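1. Take this sequence and fold it.
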Amino acid sequence: MWFHGWRMGLTASGGLGGRRRAMARRSRLRPSRIRTGLLGFLLALPIVAGFAVVESRPTTPNDLSIADVRPAPEPPVPPTNAEPAHSPAAQPTPAADSPVPARSPTDLARGSVDPADPVPGVDLDLVELAEVPQPAISVPQPPSVEPEQLTGYVWPLRGARIHGWFAASDDGFIVLRGQRVHDGLDLATFCGHRVVAAHAGTVLYAGRAFHPYLGFDGPVDALYDHLRAGRDWMSLPRVVVIDDGNGYRSAYVHLGSHSVKPGDVVKAGDPIGKEGATGRASGCHLHYMLVRMDGPLVPVAGELVRKWDYPARVRERIDPMRVLSFKRNGAARKVPGVDPPKVPFRYVPPKVTPVPRMSRSEAGESHR
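-> Model (predicted):
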């Protein structure tokens, strides 16, 4: 029976030769299957390696869920021997909810509080504003000459771009020719760029309470009272004021920091601070201002006088371009679309109409 079945198998497959041909066909398929399996293994290898890297990566705070972010329990503190009552280590510590005595900037200014001790809510840079400062350095003021005759001025910010000219502006500080005028030159490079002295001179002030040094015709107590009442000290920029020794003073406004102190003698080009955006600045830049200390008094913008209690008049501001030149090293560049005024703004004294003199006959008639 088995022999018959074997013969039937050979007959169905075409005899012994047919069986060998079928086995040969199956053997020819095996290499392709091996290649397919090897290719799949190679493709899967990077994915497996990636999962291994992810699993071995250290956990970061961003990977933690809210439930995982819990404060770690503090280790138990071993009991220690109690200190005697007279020991300094046994001084009572105030409770967490006990009131902390208020320490004002005035206390710091008067030296009743250690400035090295941090005071919550008090900016030590603004301590000087607790009281209205008074000019402490006296520098002889020679009579000034016209700005075009001045020499020795350099650009206070090298390679800057001019983003604001001494020109008419809706938020200008002074009034000339019946218009509000931006009273300086706005120069910009990048935050933290070195600012240098534009002229040799003596540092009069470095800080935020700079107003007494810029030639107002009256005290600034009302302005400081207004700022103190509204706690608006941060609206004041950080400023360095330098007496140039020629009847003019240079003011460097919106500094991020300053590296000079009152009494320092500087030369043109000496570093005095860093470009910043302190005060009401929209971005890092330097507002360079030139004040003629024996010049005429010009009006302060009425809105500032009414809203902030500024004095009504201040000494003449000079266009810095009258002492700076685009031909010097480090000169600033113009910004397309920010053009200088076609007619430079200068102080023009008001015309005084002379009173006509009367003749003797007219004088005699008036006495009758």
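
2. Check which helix or strand the nearest residue to Ala331 once chain neighbours are set aside maps to.
-> Of all residues not flanking Ala331 in the chain, Trp155 sits nearest, at 5.8 Å (Cβ to Cβ, 6 or more residues apart in numbering). C-beta: built from backbone N, CA, C; applies to glycine. Per DSSP states H and E: Trp155 is located in neither a helix nor a strand.

3. Next, count neighbours for Trp155.
-> Look at Trp155: counted by other Cβ atoms under 10 Å, it has 23 neighbours.

4. And Ala44, by the same measure?
-> 10.

5. and it, how far is that from Arg35?
-> Between Ala44 and Arg35 the distance is 15 Å, computed by Cβ to Cβ, to the nearest Å.

6. same deal with Pro299?
-> In this view, Pro299 and Arg35 are 92 Å apart by Cβ to Cβ.

7. So which of the two has more stuff around it?
-> Using other Cβ under 10 Å, the more surrounded residue of Pro299 and Arg35 is Pro299, with 14 against 10.

8. Reduced to three states, what does that one come out as?
-> strand (DSSP: H, G, I helix; E, B strand; the rest coil).

9. That one bridge partners, please.
-> Arg313 (DSSP bridges).

10. Contacts only, for it.
-> Shown in contact with Pro299 (Cβ atoms under 8 Å, 6 or more residues apart in numbering): Ile174, Val175, Ala312, Arg313.

11. surely the first one meets Gly184?
-> Spelled out, it's Ile174. No - with contacts counted by Cβ atoms under 8 Å, Ile174 stays clear of Gly184, the gap being 10.2 Å.

12. hey, what's in contact with both of the two?
-> Both Ile174 and Gly184 are contacted by Arg317, under the criterion Cβ under 8 Å, 6+ apart.

13. Between these two, which has more neighbouring residues?
-> Set Ile174 next to Gly184 and count neighbours by other Cβ under 10 Å: Gly184 wins out with 24 against 21.

14. in what helix or strand does the residue lying closest to the more buried one once chain neighbours are set aside lie?
-> Closest residue to Gly184 apart from its sequence neighbours, by Cβ to Cβ, 6+ apart: Met289 at 3.8 Å. Here Met289 is covered by strand 286-292, with elements defined by DSSP H and E.

15. name the helices or strands packed onto that strand?
-> Using 3 or more Cβ pairs under 8 Å, 6 or more residues apart in numbering; DSSP states H and E, the elements in contact with strand 286-292 are strand 185-188, strand 248-253, strand 317-318.

16. For Val298, the count of nearby residues, please.
-> 20.

17. hang on, I meant Ala222
-> Around Ala222 there are 15 residues (other Cβ under 10 Å).

18. so Gly263, which of the three states?
-> Per three-state DSSP, the secondary structure class of Gly263 is coil.

19. Backbone dihedrals for it, please?
-> The phi/psi pair for Gly263 (degrees, to the nearest 10) reads phi 100, psi -20.

20. Okay, now the unreliable bits of the stretch 101-250 of the chain?
-> Counting by pLDDT under 70, the stretch 101-250 of the chain contains low-confidence ranges at 101-138.

21. Do a quick rundown of the strands in it.
-> 161-164, 174-176, 179-181, 185-188, 194-196, 201-207, 239-243, 248-253 (DSSP state E, counting those that start in this stretch).

22. so what secondary structure elements neighbour the last one?
-> By that I understand strand 248-253. With contacts taken as 3+ Cβ pairs under 8 Å, 6+ apart, strand 248-253 sits against strand 239-243, strand 286-292.

23. could those strands be laid out in TSV, adding distance to Cys191 and mean neighbour count?
-> Formatted as TSV, the helices and strands packed on strand 248-253 follow (distance: least, Cβ to Cβ, whole Å; neighbours: other Cβ atoms under 10 Å):
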stretch	distance to Cys191	mean neighbour count
strand 239-243	17	26
strand 286-292	11	24
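
24. Same list (the ones you listed) but as CSV, adding distance to Tyr224.
-> Listed next are the helices and strands packed on strand 248-253 as CSV, based on distance: least, Cβ to Cβ, whole Å:
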stretch, distance to Tyr224
strand 239-243, 15
strand 286-292, 20
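
25. Identify whichever of those lies nearest to Ala168.
-> With Cβ to Cβ, the closest approach to Ala168 among the helices and strands packed on strand 248-253 belongs to strand 286-292: 16.4 Å.

26. Which helix or which strand is home to Ile47?
-> helix 15-56.

27. where does the spatially closest residue to Asp183 that is not a sequence neighbour land on pLDDT?
-> Spatially, and ignoring its direct neighbours in sequence, Asp183 is nearest to Arg317 (4.1 Å; Cβ to Cβ, 6+ apart). What the model reports as pLDDT for Arg317 is 96.
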